[in-house]
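Chemist: Quick one: sequence plus predicted model below, questions after.
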Amino acid sequence: MAKKITALLLVLTMAMGLIGCGGSGGNQASGDTTAATKGEAGPGGETASAGGGTASADGDNTLTVWCWDPAFNIAAMEAAAEIYKQDHPDFELNVVETPWEDVQKKLTTAATSGDLSSLPDIMLMQDNAFQKNAISYPDVFVDLTNSGIDFSQFGEAKVAYSVVNGANYGVPFDNGAVIGCYRTDLLEEAGLTVDDFTDITWSEYITNGKKVLEATGKPLLTMVAGETDLLCMMLQSAGASMFNEDGSANLVENITLKETMEIYVELVESGILVEVNDWNEYTESITKGNVAGTINGCWILATIQTIEDQAGNWAVTNMPRLEEAEGATNYSNNGGSSWAVTTNSQNPELAMDFLASTFAGSVELYETILPTTGALATFLPAGDSEVYAKPQEFFGGDAIFAKITDFAGNVPSNITGVYYYEARDAVATAITNAVNGSDIAAEIQTAEDTLNFSMGN
């Protein structure tokens, strides 16, 4: 079985540019952005390239980090270095700009060859890929459970992405908490306010959506056709997963999955949700005013705030909840990433102390990076800061950053595991066929058969 997993991972590496259930969005905004330019200058004037950078030598106070997106992850890491230098003046950070696809490829190559010498001290991992890698390549990741990091200071669901067999392997970073965003001026035309979309069920959402569609001619929601982002958000909002705890497929007997697919089909058939062809069409539906709202990871705020003439006409609240699913909530997650320390690090104690003192211990860091990067914390104490509590005029004067941090603390955990992406692809085919009229139960059975085949069962 281990050989099958390794072989499959080698094939899949080249196709893992998008994160599942958040891939399209996560790769366009926030902590999952993969578009990167080479040659960015790092601290101390070093030039970071995507081509290399190994772990620091014994006795050296320099750490090498792999991550992507100069305006987001790299900027956050460099800000963390400056804060850490306040008490550690000899500390240096070498940030090697490495797109996510390259991180995954280099990690897989190193792990399968048995030569980890090319790996950095710290690397950024997409949350939905963390367990897959930590389970498949356990020799790569340093166990952070007893590192001194207080993981209770983060949202439980966020921490769970990087937990394997009860051990912590990642330090949570950016927030992918799901938000509902609505055009308040369009809601007003339908006699509604954002309060009518707060703490509601999907049935209430559909009822409201029909009112908005009738009054304005605009749908409440757009989604990329053939993607499972919304389904996965719904699943996690009830703590449900496409896998059982033992890693086996959980599709056919998953009544929550069936409920989410039924809701999705109803949304499309009613015209409340309009499917688009790709990510650009999705963002344009928002920026060109063709839709009355969206439901996605909070990184979608970056897109919304580019629409300057709509300032003051947007509001943020939580997502609808399922009605039949046990443990249903109005909270979920889509996208996000976490920091991992590799066993190739020659100074893992320094790496762990750096992360513990910054991303896992410094409200100042999150206050510093929020205005310039839009990086919302899953470090819960940051939600109580004055910066996070500042009213945002674009969103009607609401303190949305504190609100979203609170959302993150209420997200249920779910299981990702080794075959998360294969499950996502199988379910994507199922929902596409269901929208086109196929029987949902039959499509779920086919999806599970496909997933089991991928798993070698």
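Modeler: Good, I have the coordinates.

Chemist: residue contacts, the closest residue to residue 411 other than its chain neighbours?
Modeler: With sequence-adjacent residues excluded and distances taken as CB to CB, 6 or more residues apart in numbering, residue 411 is closest to residue 157, at 3.9 Å. (Each C-beta comes from the backbone N, C-alpha and C, glycine too.) By CB atoms under 8 Å, 6 or more residues apart in numbering, the contact list for residue 157 reads 236, 333, 408, 411-414.

Chemist: Which pLDDT value goes with residue 157?
Modeler: On the pLDDT scale, residue 157 is placed at 93.

Chemist: if I've got this straight, it is in a strand?
Modeler: No: Residue 157 sits outside any strand when classified using DSSP: H, G, I helix; E, B strand; the rest coil, being helix.

Chemist: pretty sure residue 401 contacts residue 386?
Modeler: No: Residue 401 lies out of contact with residue 386 (CB atoms under 8 Å); the separation is 10.8 Å.

Chemist: And the two? Which one has more around it.
Modeler: residue 401 (27 against 9; other CB atoms under 10 Å).

Chemist: which non-adjacent residue is nearest that one?
Modeler: Using CB to CB, 6+ apart, the closest residue to residue 401 is residue 388 (4.3 Å).

Chemist: Make sure that neighbour is actually in contact with residue 381.
Modeler: No: judged on CB under 8 Å, residue 388 makes no contact with residue 381 at a distance of 9.9 Å.

Chemist: Which of these two has more residues huddled nearby?
Modeler: residue 388 (23 against 16).

Chemist: how much space between that one and residue 287?
Modeler: According to CB to CB, to the nearest Å, residue 388 stands 26 Å off from residue 287.

Chemist: how many other residues sit next to residue 165?
Modeler: For residue 165, using other CB under 10 Å, the count is 9.

Chemist: Sorry, slip of the keys, the one I care about is residue 301.
Modeler: 24.

Chemist: Remind me which helix or strand it belongs to.
Modeler: Element membership for residue 301 (DSSP states H and E) is helix 301-304.

Chemist: just checking, what packs against that helix?
Modeler: strand 178-183, helix 279-287 (3 or more CB pairs under 8 Å, 6 or more residues apart in numbering; DSSP states H and E).

Chemist: tell me the mean pLDDT over the last one?
Modeler: On average, the pLDDT along helix 279-287 is 95.

Chemist: cool, the first one as well?
Modeler: Confidence for strand 178-183, expressed as mean pLDDT, is 98.

Chemist: CA atoms only for the helix or strand following that strand - export them in CSV, please.
Modeler: Where DSSP H and E defines the elements, the next helix or strand beyond strand 178-183 is helix 184-189. Extracted C-alpha coordinates of helix 184-189, given in CSV (Å, rounded to 0.1, in the frame of the first residue of the first chain):
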residue,chain,number,x,y,z
THR,A,184,-26.6,45.8,1.1
ASP,A,185,-28.0,48.2,-1.6
LEU,A,186,-29.3,45.2,-3.6
LEU,A,187,-30.7,43.5,-0.5
GLU,A,188,-32.5,46.7,0.3
GLU,A,189,-34.3,46.6,-3.1
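
Chemist: before we move on, back to that, with respect to burial, which of the helices and strands packed on helix 301-304 scores highest?
Modeler: Stretch with highest mean neighbour count among these: strand 178-183 (a mean of 25; mean count of other CB atoms under 10 Å).

Chemist: Report the inter-axis angle for that strand versus helix 279-287.
Modeler: 50 degrees (axes from the mean of the first three to the mean of the last three CA atoms, to 10 degrees).
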